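> Prediction below, plus the sequence it came from.
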Amino acid sequence: MTSPYNVTLENGTTVEKTDFDWDSKTKGLVLSSFFYGYICTQLLGGWLGNRYGGAKIYMLGVSTTALLTLLTPPIANTSVYYLVFLRVIEGVFEGVTYPCMHSVWARWAPPSERSAMASLAFSGSYVGTVVALPVSGMLSKHCGWPSVFYVTGVVGLIWSVVWWYQVKDDPENDPRISESELTYLRDTLGNRKNENLARLVRLKQTSCSYMKIGLKADFGQEHYRKCEEESTMRLTMRKRGEKEKHTHPWGEFVKSMPVWAVVMAHFCENWGFYTLLTQLPTFMKDTLNFDLQKAGFLSSVPYLVMAIIMQFAGHLSDWLCNKKIMSTTNVRKLFNCTAFLSQTIFMMLASYLLTATGVVTCLVFAVGLGALAWPAFSVNHLDLAPQHASVLMGMSNTFATLPGIISPLISGYIVTNKSAEEWKVVFYIASTIYLIGAIFYCIFASAERQPWAVEKDEKGDKTEHAYTNNGLSVDKL
């Protein structure tokens, strides 16, 4: 959009032209505008996902963003202010996606597989970056910059249709799930249906006393049985597909240092991510004199390495936890702090090794080893409070979105002359923030379920007192 390209005039003269002659501050505004909307719907997305189902809200967010992406080229040609407004609205709808993902995992991911499954899902962001950067460069060069938005918008819409048919909010609502899988998820996630009904049906009936048992069963009906002895019967069964409704302890969230450790880690990781995502192609073009296509390709290499390492990191994290080689808390701290300290060192080195080989090598290590952080802080919400995980993700991602707003603006104000010294300052800031994040997480992080999260799992189930008979208790059957 803002890169110069050659145009041949009618008289045969070739001149250099740009579609949008924006200065660095305007570019920073356009790049950061998406996050103004994105930050507003993080907590809302977590609440909506918990209340109405993460899969449905996720699909709504992605499909709407894809539609708005198709409108970007005509809007951009109208006014930069209209473009900024459009990007803000895109951010509003995209903001619900990450929190909703945790709503899905809270119902689908067993603790023993949590890191691996979440890492696989989150790596999709980086696979998308790997594909989008070089493809965008090629499309922009050969088909014009509007083609980038048209292609990505159509892909987003196609993906939304596939998601709608394949992904369900709860295992109980998935027609393709096997009974053994469903039982396994109920057992491991603490969501098992009450077995007292089956025990009651097997109860030998030797008397003619008639009783009525009112209960909420999977099929939602009242049942009548004959029973002999007198007992108090309390039966609890959740209705199939019924959404769990939790009261979120907001005050406890704010007072919890383990929650703030997750927030800090998420903020610090995203500072480096958004800095590189929005500025790396420009840095390679300004400092290393790469053309747009080459800069796009090389900028994607670190994210390819990251996506690959995330798969191994997730499985290794689960293995260490399941084998009890280390406590889950220490595994989370080890992975997160190793990632942040590695990023601190290699981001700093990248600012000094201002050669193509040196910069790409350092950034491959910095971004690639950053993959170790994702099986740590990104699933930490599920460790602390699985029933509140989507809201906690919304909370941490609210703060983690701030770098998307601040970093491009700061970079725009620092890099005014496109010099290597100015870019060094950008890398210094990212390195310092990673170091602070490593220290804070090491001190305050935890993977233990918090006292305020042991809420009403055991005592909050709906029960109904139906009949009193002093001689027998179903609980003892």
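Everything's here; your move. Numbers count the residues shown, from 1 in each chain.
> And the strands in this structure?
Counting by DSSP state E, the segments of the chain that form strands are 5-8, 14-17, 210-213, 223-226, 231-235, 464-467, 472-473.
> any chance you could map the helices in the stretch 151-300 of the chain?
Remark: helices assigned in the stretch 151-300 of the chain by DSSP state H, counting those that start in this stretch are 179-188, 196-201, 250-255, 257-287, 292-322.
> Which of those helices comes out lowest on mean pLDDT?
Of all the helices of the stretch 151-300 of the chain, mean pLDDT reaches its minimum on helix 196-201 (a mean of 34).
> quick one on the thing from earlier: and the strands of the chain, which one is worst for confidence?
Averaging pLDDT over each of these puts strand 231-235 lowest, since it has a mean of 34.
> Tell me which residues of stretch 342-352 come out buried.
Residues of stretch 342-352 classed as buried: S342, Q343, T344, I345, F346, M347, M348, L349, A350, S351 (neighbour count, 16 or more other CB atoms under 10 Å). C-beta coordinates here come from the backbone N, C-alpha and C atoms, glycine included.
> Kindly report the same for stretch 46-61.
Under 16+ other CB under 10 Å, the buried positions of stretch 46-61 are 46-50, 53-61.
> which ones are touching L83?
In this structure, L83 makes contact with V30, S33, T72, I75, A76, judged by CB atoms under 8 Å, 6 or more residues apart in numbering.
> just V155 next, same as before
Going by CB under 8 Å, 6+ apart, V155 touches A66.
> Could you do the one 5 residues further on as well?
By CB under 8 Å, 6+ apart, S160 lies in contact with M59, V62, S63, A66.
> With N322 instead?
Here N322 is in contact with S112 (CB under 8 Å, 6+ apart).
> swap in the one 4 residues further on?
Contact analysis of M326 by CB under 8 Å, 6+ apart lists L320, L334.
> Out of the contacts of L83, give me the one that has the most neighbours.
Compared across the contacts of L83, S33 has the highest neighbour count, 24 neighbours, by other CB atoms under 10 Å.
> From G156, how far off is that one?
Distance, S33 to G156, by CB to CB, to the nearest Å: 19 Å.
> Equivalent analysis for S390, please.
When distance is defined by CB to CB, S390 is 22 Å away from G156.
> Between those two, which is the more surrounded one?
S390 (33 against 18).
> That one against T97, yeah?
No: in this structure S390 lies outside contact range of T97 using CB atoms under 8 Å: 11.1 Å.
> shared neighbours of these two, which are they?
The contact sets of S390 and T97 overlap at G45 (CB under 8 Å, 6+ apart).
> nearest spatial neighbour of the residue positioned nearest the centre of the chain, skipping sequence neighbours?
In the chain, the centroid-proximal residue (CA atoms, centre = their mean) is Y98; its distance is 3.4 Å. Using CB to CB, 6 or more residues apart in numbering and skipping residues adjacent in sequence, the residue nearest Y98 is N397, 5.0 Å away.
> And for that neighbour, the neighbour number?
27.
> In contact with it, which residues?
Q42, Y98, P99, H266 are the contacts of N397 under CB under 8 Å, 6+ apart.
> what does A313 give?
S115, S119, F335, A371, L372, W374, P375.
> if you set the cut-off to 6 Å instead, what comes out?
A371, L372, P375 (CB atoms under 6 Å, 6 or more residues apart in numbering).
> Surely the first one and M306 touch.
Yes: in this structure, A371 sits in contact with M306. The criterion is CB atoms under 6 Å, and the distance is 4.5 Å.
> ok so, going back, among the contacts of N397, find me the one that's closest to A366.
H266 (17.6 Å; CB to CB).
> The closest one and A118, how far apart?
From H266 to A118 the distance is 13 Å (CB to CB).
> Between the two, point out the one with more neighbours.
The neighbour comparison of H266 against A118 (other CB under 10 Å) goes to H266, with 27 against 23.
> OK, contacts around that one?
F377, S396, A400.
> The last one: neighbour count?
Look at A400: counted by other CB under 10 Å, it has 26 neighbours.
> Quick check: it touching N270?
Yes: applying CB under 6 Å, one finds A400 in contact with N270, separated by 4.2 Å.
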